[in-house]
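3D, please:
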Amino acid sequence: MTTRVGPATDPRSRVDGLGWVSRAVFPDERVALTVGGAPPAGHRAVARYAVVPSVARARFLVPLGAPRAGAASLLAYNALRPPKVRALRAALGGLARFGAAGLAPFPTLTVSVPSGVPAAELLLTERLAAALGDRPLLAACGVRPPDPNGKPTLQLFTADGRPRGYAKIGWNDATRALVTAEAAALRALRAVAGVADHPVPPGLLTETAWAGQVVAVIEPLPPEVRGVPVDDPPRTYGGS
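Next comes the predicted model:
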């Protein structure tokens, strides 16, 4: 018999962005989610996240348990972000280097599964780790307001902080179609990459159907990538 988590503690019962994201990432009801408390009876903890900055105003889930991965989730690709956001994430990334102790001011979301049930059977991150040949993988996730056309995206990192990919989750009819179309487009673009100076798109690492969802994992951007200024003129390729 599986213990159910009450709506007072399970963020999946919320109607805000945290509820939307947690339902997409942890759709199996056998997975227990608790904020600021221990796993329910009969469960074992398999992952923990810092909820930044708070449950009510959640903007980011930072993985705990591997400080370098947690820091990387906040520091990677910061050159693409506006200056104020970059500065805030840099400060949080410094805290994340100390692991749970550094992020202690923020609420902790604990993910647990029933004792005796393999985590790989219930968790998307475990499935993707197996598909990509990396274990363990840790996932960070941005939190946005609920959007019927929005795709929750997991940033995947190895325990030593190496970016491994972006997992985009199609969770309803519209977003399943969007993820499927993006995966098809990336496969097609790879066939012409480098021809006539065509820009090289990110590669599609894997695509899977899982728990009624469609998930595509896109390879990470180059570490040295920088944002294009808003006043930068458009550029054309192919000599035309």
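
Regarding the residue nearest to the spatial centre of the chain, what is its secondary structure?
Using CA atoms, centre = their mean, the residue of the chain that lies closest to the mean C-alpha position is L154, 1.5 Å off. Under DSSP: H, G, I helix; E, B strand; the rest coil, L154 falls in the strand class.

What's the mean pLDDT across the host helix or strand of A181?
For A181, the element it lies in under DSSP states H and E is helix 173-190. Looking at helix 173-190 alone, the average pLDDT works out to 92.

do stretch 48-62 as well
For stretch 48-62, the mean pLDDT works out to 96.

can you pull the buried residues of it?
By neighbour count on 16 or more other CB atoms under 10 Å, the buried set for stretch 48-62 is R48, Y49, A50, V51, V52, A58, F60, L61, V62. Any C-beta I mention is one placed from the backbone N, CA and C, and that applies to glycine too.

and those residues as CSV, adding secondary structure and distance to G203?
Output for those, formatted as CSV (DSSP: H, G, I helix; E, B strand; the rest coil; distance: CB to CB, whole Å):
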residue, secondary structure, distance to G203
R48, strand, 31
Y49, strand, 28
A50, strand, 30
V51, strand, 32
V52, strand, 30
A58, coil, 31
F60, strand, 26
L61, strand, 25
V62, strand, 26
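
Enumerate the beta-bridge partners assigned to the closest residue to A47 other than its chain neighbours.
Excluding its sequence neighbours, the residue lying closest to A47 (CB to CB, 6 or more residues apart in numbering) is V111, at 4.2 Å. Here V111 shows beta-bridge partners L33, A47, assigned using DSSP bridges.

is it true that V111 touches H43?
No - taking contacts as CB atoms under 8 Å, V111 lies outside contact range of H43: 9.5 Å.

Pull up the overlap in contacts between those two.
A32 (CB atoms under 8 Å, 6 or more residues apart in numbering).

in the protein, what spans have low per-residue confidence?
Low-confidence segments of the chain, defined by pLDDT under 70, are located at 1-8, 193-199, 226-230, 235-240.

Let me know how buried the residue nearest to A47 is, in neighbour terms.
22 (other CB atoms under 10 Å).

one step back: can you list the buried residues in the helix holding A181?
For helix 173-190, using 16+ other CB under 10 Å, the buried residues are T175, R176, L178, V179, E182, A183, L186, L189.

Stretch 132-139 now?
Across stretch 132-139, burial judged by 16+ other CB under 10 Å covers L132, D134, P136, L137, L138, A139.

List just the nearest of those to G165.
Nearest to G165, judged by CB to CB, of these is L132 at 6.9 Å.

doesn't L205 make contact with that closest one?
Yes - using CB under 8 Å, L132 makes contact with L205 at a distance of 6.2 Å.

joint contacts of those two?
Contacts common to L132 and L205, judged by CB under 8 Å, 6+ apart, are G165, V217.

And the helices in this structure?
With DSSP state H, the ranges of helices along the chain come out as 17-25, 67-75, 83-96, 124-132, 173-190.

Distance to P11 for the ones you listed - can I get that in TSV?
Conversion of these to TSV gives the following (distance: least, CB to CB, whole Å):
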stretch	distance to P11
helix 17-25	5
helix 67-75	19
helix 83-96	20
helix 124-132	16
helix 173-190	20
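
isn't V25 right up against C141?
Yes - V25 is in contact with C141 according to CB under 8 Å; the separation is 6.4 Å.
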